[in-house]
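Peer 1: Please work out how this folds:
(one chain, ligands or ions: 1)
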Amino acid sequence: MGLSKTIWTQPSEIIRTKQPDHPVLVFSPTALQATARRFLKGFPGVVTYAVKSNPDEMVIQNLVAAGVKGFDVASPFEIDLIRRLAPGAALHYHNPVRGREEIAHAVRAGVKTWSVDSRSELDKLIEMVPAEKCEISVRFKLPVQGAAYNFGAKFGATADLAAELLRRAADAGFIPSLTFHPGTQCTDPAAWEAYILVASEICATAGVRAHRLNVGGGFPNHRKMGPAPVLEDIFALIDRATTEAFGSDRPILVCEPGRGLVGDAFTHITKVKALRDDTHVFLNDGVYGGLAELPLIGNIERIEVWSPEGFERGGDMVERIVFGPTCDSVDRLPGDVALPAELSEGDYVVFHGMGAYCSATNTRFNGFGQMEIVTALALKG
Ligand SMILES: *Cc1c(COP(=O)(O)O)cnc(C)c1O
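Peer 2: Next up is the predicted model:
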């Protein structure tokens, strides 16, 4: 047995050479580092990475190599992961609800930045976290649309409550800041503008100058056909809106992208197990595996079909119903999916832009979900 090849050229080479029976996620460190540098160069403030979107160690290591120095963490596991892989990095514990044992764990790990969206959780932080050099960011929400789904449904205080919490955090000796999340895959930059304006109003109501304003994640990745969203346009709008809203009281900006950083760094290879009576496509992965997000935020349009020999299928497109491998009837992609008419059993359906919320939400339900992660130089072809 020779050494196994560990870095592939591109997805079609993996298909041709391995003809894998299990789902394969292909990671391009080059693509990830390029996106990270776009954020670091273009975003007018501090760039942190939302670990939950993809906690793979290779991802963290490549972000650190590209220069990312802060991480948004939500659990003791994520805190320990980042402390091990990036010992000097800043940890932003931005899950606004925590158990007391979780708070104690984070204090021991040296967490200095916390978010909060309620009186009861602020009481816990004031009681358990030494205020000195510690920042509390009040998370607020607005009823604005623009994203793939509404993040305000679970977390975020109203503007009035946020002003009260900001005042209390400042009075308790913490560094007062504000944070929001416009919702994931936010393709309408006007959402950020609306939030930033309200952030300045919250500060005015509270009579508190915010030290930092964290504009969340929500930066979109490339899911639809057509040109990719232009991150730099969103950065420019955030920059302008902050100056307009705050003037000389402008806070330091922070962002915490998950999807926008890692989404386009992975391509997902699935196999056609069956083409049932020329109608239904059954893949070896579905909504209990790497495709969990599709019913929540819509199908990815950037799909290709490859033959086992590594030739791309073309020709007319046919709308088909696509099922995952489990025996559960909800295991299907939303609506119909346009796929080349030539598609055959044994072909590979390749989904681009699958770096976020794909490996992280994979389950072993019904005995499926044996997902392999490999590395490639490029994700095209
Ligand atoms: C999930 C999450 C993020 C990342 O969101 P994306 O839409 O993936 O960019 C950022 N901040 C917080 C607090 C989150 O919960």
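Peer 1: What is the end-to-end distance of stretch 61-78?
Peer 2: 14 Å (Cα to Cα, to the nearest Å).
Peer 1: nope, stretch 300-311 is what I meant
Peer 2: Across its full length, stretch 300-311 reaches 21 Å between end residues, using Cα to Cα.
Peer 1: What confidence value was assigned to the residue in the stretch 51-200 of the chain positioned nearest to the ligand?
Peer 2: The nearest approach of the stretch 51-200 of the chain to the ligand comes at Thr184, 3.2 Å away (Cβ to the nearest ligand atom). For the C-beta atoms, the positions are set from N, CA and C on the backbone; glycine is no exception. Per-residue confidence for Thr184 comes out at a pLDDT of 94.
Peer 1: count of neighbours near it?
Peer 2: The criterion is other Cβ atoms under 10 Å. On that basis, Thr184 has 27 neighbouring residues.
Peer 1: ditto for Ala170
Peer 2: Residue neighbour count, defined by other Cβ under 10 Å, stands at 19 for Ala170.
Peer 1: Provide a list of residues in contact with it.
Peer 2: With Cβ atoms under 8 Å, 6 or more residues apart in numbering as the criterion, the residues that contact Ala170 are 176, 206, 208.
Peer 1: Let's see that with 7 Å instead.
Peer 2: Under the criterion of Cβ atoms under 7 Å, 6 or more residues apart in numbering, the contact partners of Ala170 comprise 176, 208.
Peer 1: Which helix or strand contains Val349?
Peer 2: According to DSSP states H and E, Val349 maps onto strand 348-352.
Peer 1: now the next helix or strand after that strand: how far from the chain's centre is it?
Peer 2: Toward the C-terminal end, the helix or strand that comes next after strand 348-352 (DSSP H and E) is strand 372-376. In terms of Cα atoms, centre = their mean, to the nearest Å, the centre of strand 372-376 is found 19 Å from the chain centre.
Peer 1: Show me what strand 372-376 is packed against.
Peer 2: Other helices and strands packing on strand 372-376, by 3 or more Cβ pairs under 7 Å, 6 or more residues apart in numbering; DSSP states H and E, are strand 7-8, strand 24-27.
Peer 1: For the spatially closest residue to Leu91 that is not a sequence neighbour, which three-state class applies?
Peer 2: For Leu91, ignoring the flanking residues on the chain, the nearest one in space by Cβ to Cβ, 6 or more residues apart in numbering is Val111 at 4.8 Å. Each residue gets one of three states, and Val111 gets coil by DSSP: H, G, I helix; E, B strand; the rest coil.
Peer 1: show me the contacts for Val111.
Peer 2: Counting by Cβ under 7 Å, 6+ apart, Val111 has contacts 79, 91, 93.
Peer 1: these two touch, right, the first one and Val107?
Peer 2: No - using Cβ atoms under 7 Å, Ile79 and Val107 do not qualify as a contacting pair, with a distance of 10.5 Å.
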